[in-house]
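[1] need a structure here:
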Amino acid sequence: MKESERFFGGPLEFGALRPGLLVRNDDLARPNAMADKALTGYLDRLAEQVLAGLGSERTLRERVRRLLWSELTEGVPTLENLARTLGMSDRTLQRQLREEGTGRLAVSEVAFLLGYDDPSAFRRAFRRWFGRSPRAYRRAAD
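    This next block holds a predicted model:
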(Lines give C-alpha, C1' and ligand atoms only; values in the text may rest on other atoms or scores of the structure.)
Protein backbone atom coordinates (compact mmCIF):
# COMPACT_ATOMS: atom_id res chain seq x y z
CA MET A 1 0.00 0.00 0.00
CA LYS A 2 1.32 3.45 -0.91
CA GLU A 3 2.02 5.94 1.85
CA SER A 4 -0.73 8.29 0.60
CA GLU A 5 -3.28 5.46 0.62
CA ARG A 6 -2.19 4.46 4.09
CA PHE A 7 -2.57 8.05 5.29
CA PHE A 8 -6.04 8.49 3.76
CA GLY A 9 -7.14 4.98 4.65
CA GLY A 10 -8.14 3.96 1.17
CA PRO A 11 -7.33 4.04 -2.53
CA LEU A 12 -6.66 7.30 -4.34
CA GLU A 13 -7.57 8.01 -7.95
CA PHE A 14 -5.74 10.67 -9.93
CA GLY A 15 -6.69 12.26 -13.25
CA ALA A 16 -10.42 12.49 -12.53
CA LEU A 17 -12.47 15.18 -14.26
CA ARG A 18 -13.36 16.75 -10.92
CA PRO A 19 -11.69 16.59 -7.54
CA GLY A 20 -13.60 14.73 -4.89
CA LEU A 21 -13.29 13.14 -1.51
CA LEU A 22 -15.53 10.44 -0.11
CA VAL A 23 -16.05 10.65 3.64
CA ARG A 24 -17.99 8.23 5.82
CA ASN A 25 -21.04 9.65 7.63
CA ASP A 26 -19.66 8.71 11.04
CA ASP A 27 -16.48 10.67 10.27
CA LEU A 28 -18.54 13.71 9.29
CA ALA A 29 -20.41 13.50 12.58
CA ARG A 30 -17.20 13.84 14.62
CA PRO A 31 -16.60 17.26 16.19
CA ASN A 32 -13.69 19.24 14.82
CA ALA A 33 -11.47 20.05 17.79
CA MET A 34 -9.63 22.74 15.80
CA ALA A 35 -12.73 24.53 14.50
CA ASP A 36 -12.73 28.32 14.67
CA LYS A 37 -16.10 29.13 16.25
CA ALA A 38 -16.02 32.80 15.22
CA LEU A 39 -15.27 31.95 11.59
CA THR A 40 -17.83 29.14 11.57
CA GLY A 41 -20.52 31.47 12.91
CA TYR A 42 -19.66 34.10 10.32
CA LEU A 43 -19.68 31.60 7.46
CA ASP A 44 -22.99 30.11 8.63
CA ARG A 45 -24.60 33.58 8.63
CA LEU A 46 -23.09 34.34 5.22
CA ALA A 47 -24.40 31.06 3.79
CA GLU A 48 -27.88 31.79 5.19
CA GLN A 49 -27.85 35.25 3.60
CA VAL A 50 -26.74 33.86 0.25
CA LEU A 51 -29.35 31.10 0.30
CA ALA A 52 -32.08 33.54 1.32
CA GLY A 53 -31.23 35.78 -1.61
CA LEU A 54 -31.07 33.13 -4.32
CA GLY A 55 -33.46 33.90 -7.11
CA SER A 56 -34.10 37.45 -5.96
CA GLU A 57 -31.23 39.27 -7.65
CA ARG A 58 -32.20 42.89 -8.05
CA THR A 59 -28.80 44.37 -8.77
CA LEU A 60 -25.90 43.48 -10.99
CA ARG A 61 -23.79 42.96 -7.89
CA GLU A 62 -26.22 40.27 -6.69
CA ARG A 63 -26.20 38.59 -10.11
CA VAL A 64 -22.39 38.60 -10.14
CA ARG A 65 -22.25 37.21 -6.60
CA ARG A 66 -24.58 34.35 -7.52
CA LEU A 67 -22.62 33.63 -10.68
CA LEU A 68 -19.36 33.59 -8.73
CA TRP A 69 -20.79 31.09 -6.24
CA SER A 70 -21.80 28.77 -9.06
CA GLU A 71 -18.63 29.21 -11.14
CA LEU A 72 -16.14 28.65 -8.30
CA THR A 73 -16.73 24.91 -8.48
CA GLU A 74 -14.94 24.98 -11.85
CA GLY A 75 -12.03 27.12 -10.62
CA VAL A 76 -11.42 30.84 -10.42
CA PRO A 77 -13.58 32.49 -13.10
CA THR A 78 -12.10 35.26 -15.20
CA LEU A 79 -13.61 38.70 -15.51
CA GLU A 80 -14.08 38.06 -19.22
CA ASN A 81 -16.02 34.83 -18.64
CA LEU A 82 -18.24 36.42 -15.99
CA ALA A 83 -19.01 39.36 -18.27
CA ARG A 84 -19.70 37.08 -21.25
CA THR A 85 -22.09 34.96 -19.16
CA LEU A 86 -23.90 38.15 -18.13
CA GLY A 87 -24.06 39.29 -21.76
CA MET A 88 -21.71 42.25 -21.61
CA SER A 89 -18.08 43.23 -22.06
CA ASP A 90 -15.66 43.11 -19.15
CA ARG A 91 -15.32 46.92 -19.16
CA THR A 92 -19.11 47.32 -19.09
CA LEU A 93 -19.33 44.92 -16.16
CA GLN A 94 -16.67 46.85 -14.27
CA ARG A 95 -18.30 50.21 -15.05
CA GLN A 96 -21.79 49.09 -14.03
CA LEU A 97 -20.53 47.58 -10.79
CA ARG A 98 -18.70 50.83 -10.03
CA GLU A 99 -21.88 52.82 -10.80
CA GLU A 100 -23.80 50.60 -8.35
CA GLY A 101 -21.34 51.73 -5.70
CA THR A 102 -19.83 48.30 -5.23
CA GLY A 103 -17.22 48.83 -2.54
CA ARG A 104 -13.73 47.51 -2.39
CA LEU A 105 -12.55 45.29 0.39
CA ALA A 106 -9.06 45.47 1.80
CA VAL A 107 -6.83 42.57 0.81
CA SER A 108 -6.83 41.43 4.44
CA GLU A 109 -10.65 41.32 4.41
CA VAL A 110 -10.68 39.26 1.21
CA ALA A 111 -8.08 36.92 2.71
CA PHE A 112 -10.21 36.44 5.83
CA LEU A 113 -13.37 35.81 3.82
CA LEU A 114 -11.55 33.16 1.80
CA GLY A 115 -10.34 31.44 4.95
CA TYR A 116 -6.72 32.54 5.03
CA ASP A 117 -5.20 33.02 8.49
CA ASP A 118 -2.51 35.29 7.12
CA PRO A 119 -3.07 37.95 4.40
CA SER A 120 0.47 37.43 3.12
CA ALA A 121 -0.38 33.79 2.31
CA PHE A 122 -3.35 35.05 0.30
CA ARG A 123 -1.13 37.57 -1.51
CA ARG A 124 1.31 34.80 -2.46
CA ALA A 125 -1.53 32.58 -3.70
CA PHE A 126 -3.03 35.48 -5.64
CA ARG A 127 0.32 36.16 -7.33
CA ARG A 128 0.57 32.45 -8.24
CA TRP A 129 -2.96 32.47 -9.71
CA PHE A 130 -2.86 35.76 -11.60
CA GLY A 131 0.84 36.51 -12.06
CA ARG A 132 0.67 39.79 -10.12
CA SER A 133 -0.17 41.16 -6.71
CA PRO A 134 -3.75 42.06 -5.74
CA ARG A 135 -2.77 45.74 -5.78
CA ALA A 136 -1.32 45.50 -9.31
CA TYR A 137 -4.41 43.57 -10.42
CA ARG A 138 -6.69 46.32 -9.09
CA ARG A 139 -4.62 49.07 -10.73
CA ALA A 140 -4.84 47.29 -14.09
CA ALA A 141 -8.62 46.92 -13.71
CA ASP A 142 -9.14 50.65 -13.01
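
[2] contacts, neighbours, all on C-alpha from now
    Noted.

[3] after the longest helix belonging to the chain comes which helix or strand?
    Longest helix in the chain, counting residues (DSSP state H): helix 37-53. With elements assigned by DSSP states H and E, the helix or strand that comes after helix 37-53 is helix 60-71.

[4] what about that next one, distance to the chain center?
    11 Å (C-alpha atoms, centre = their mean, to the nearest Å).

[5] SS state for P19?
    Using DSSP: H, G, I helix; E, B strand; the rest coil, the structure places P19 in coil.

[6] okay, now it: neighbour count?
    Neighbours of P19 under the rule other C-alpha atoms under 10 Å: 10.

[7] how about it, phi and psi?
    phi -70, psi 150 (degrees, to the nearest 10).

[8] quick one: T40 from A29, how far?
    According to C-alpha to C-alpha, to the nearest Å, T40 and A29 sit 16 Å apart.

[9] tell me which residues in whichever strand or helix holds Y137 are buried?
    In this assignment (DSSP H and E), Y137 forms part of helix 134-141. Across helix 134-141, burial judged by 16 or more other C-alpha atoms under 10 Å covers P134.

[10] helices or strands next to that helix in the packing?
    When contacts are defined as 3 or more C-alpha pairs under 8 Å, 6 or more residues apart in numbering; DSSP states H and E, helix 134-141 packs onto helix 119-130.
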